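> Any chance you can model this:
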Amino acid sequence: MVTPASVVNLTVHGIGPAPRPLDPDEDGTWVGTDQFERVLDAVAGRGDVVITFDDGNASDVEIALPRLVERNLTAEFFLPAGLLCQPGRLDHEGVRELLRAGMSIGSHGWAHINWRGLDDRQAKREMVEAHQVLDELTGHRVSRVAVPFGAYDRHVLRRLRQARVTRVYTSDGGRARPGSWLQPRNSLRRDLDAAWINRVLDGVPPLPVRAKKLAARAIKRIRG
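Numbers count the residues shown, from 1 in each chain. This next block holds a predicted model:
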């Protein structure tokens with residue numbers, strides 16, 4: 001298979017009726033089952049789209065998994081290790097079911113908190129201990145991370161490198177180079193429609209928009 005020059009990373013949070021009280025603004029990234037299916041139909045057979053899931057919601061297995069399997073699609077699921085088995089979240093058997101179906105597991109930290117400004121103890125739990133829990137659960141080293149809330153700075157990136165993380169997914173939007181350590185993603189949102197799908201998958205933003213996104217990413221990488 002030829003490696004594409006760039007990829008579109010998609011992020012799914014929750015699908016269908018929410019089985020638990022949602023955090024503030026979380027409902028903005030919770031999509032309907034029909035919306036999710038339209039996205040899957042649009043990306044099936046494409047080698048330039050990567051599907052990821054954040055937050056470890058129960059809908060990952062109950063709704064997403066069978067629809068991925070039906071279309072011969074795979075995805076990477078980024079789990080907050082400290083929230084597993086809570087109401088509305090994946091339990092350990094759900095994680096094993098994802099693995100049996102050929103899906104991949106990454107880390108979304110421990111407690112789904114903002115990583116900017118963490119002290120050393122908090123950072124160890126989020127970026128080291130969370131990985132250890134997932135290592136034991138999956139039976140292999142988990143080395144890829146999705147940053148909670150897309151919130152990062154140079155200190156977060158430094159700690160992730162020290163933790164030997166091999167890939168970091170953000171929420172910066174736009175396309176990504178396949179081999180880059182830092183990977184921007186595009187979050188599915190409650191108001192997505194056919195126009196959104198076409199724009200994200202195949203649209204080419206105007207040069208000023210692209211320049212603005214690149215500048216914003218650069219600022220995040222160097223800010224303290």
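
> and G106, that one's in a strand?
Yes - assigned with DSSP: H, G, I helix; E, B strand; the rest coil, G106 falls within a strand.

> Give the burial count for it, as a bare number.
24 (other C-beta atoms under 10 Å). Where C-beta positions appear, they are placed from N, C-alpha and C, glycine not excepted.

> So what pairs up with it in the strands?
Residues in a beta bridge with G106, per DSSP bridges, are F78.

> low-scoring stretches of the protein, by residue?
In the predicted model, the chain carries pLDDT under 70 at residues 1, 205-216, 218-219, 221, 223-224.

> Walking through it, point out its strands one by one.
7-12, 14-15, 30-31, 49-54, 76-79, 104-107, 144-146, 167-169, 175-176, 182-183, 186-187 (DSSP state E).

> Need the residues that contact the next helix or strand after the fourth one.
Sequence-wise, the next helix or strand downstream of strand 49-54 (DSSP states H and E) is helix 59. Contacts with helix 59, where a contact means C-beta atoms under 8 Å, 6 or more residues apart in numbering, come from G14, I15, G16, P19.

> From the residues you listed, keep the buried residues only.
G14, I15, G16 (16 or more other C-beta atoms under 10 Å).

> and which of those residues is nearest to L73?
I15 (14.3 Å; C-beta to C-beta).

> what bridges to the closest one?
Going by DSSP bridges, I15 forms beta bridges with V31.

> Do I have it right that it meets F36?
Yes - using C-beta atoms under 8 Å, I15 is in contact with F36, at 4.9 Å.

> Find residues that contact each of those two.
With C-beta under 8 Å, 6+ apart, I15 and F36 have common neighbours I63, A64.

> among the contacts of helix 59, which two are most distant?
Taking C-beta to C-beta, no two of those sit farther apart than I15 and P19, at 10.6 Å.

> joint contacts of these two?
N57, S59.

> which residues in the protein form helices?
All helices of the chain, identified by DSSP state H, fall at 33-43, 59, 65-70, 92-100, 120-124, 130-138, 154-162, 194-202, 207-222.

> Most tightly packed of the ones you listed?
Comparing these by mean neighbour count (mean count of other C-beta atoms under 10 Å), helix 59 comes out on top with a mean of 25.

> one step back: quick one, which of the helices of the chain gets closest to V49.
helix 33-43 (4.2 Å).

> Mind listing residues that contact the closest one?
10, 12, 15-16, 49, 51, 63-64, 67-68, 71, 73, 188, 192-194, 197, 201.

> at 7 Å what do you get?
With contact meaning C-beta atoms under 7 Å, 6 or more residues apart in numbering, helix 33-43 is reached by 10, 12, 15-16, 49, 51, 63-64, 67, 71, 73, 188, 192, 197, 201.

> Over to stretch 150-164?
114-116, 123, 127-128, 143, 145, 147, 168, 170-172, 220-224.

> Next: stretch 45-52.
Contacts for stretch 45-52 (C-beta under 7 Å, 6+ apart): 1, 4, 6-12, 43, 73, 75-76, 78, 146, 169, 185, 201.

> and the gap between L90 and A42?
To A42, L90 is 26 Å away according to C-beta to C-beta, to the nearest Å.

> Distance from stretch 13-28 to the middle of the chain?
15 Å (C-alpha atoms, centre = their mean, to the nearest Å).
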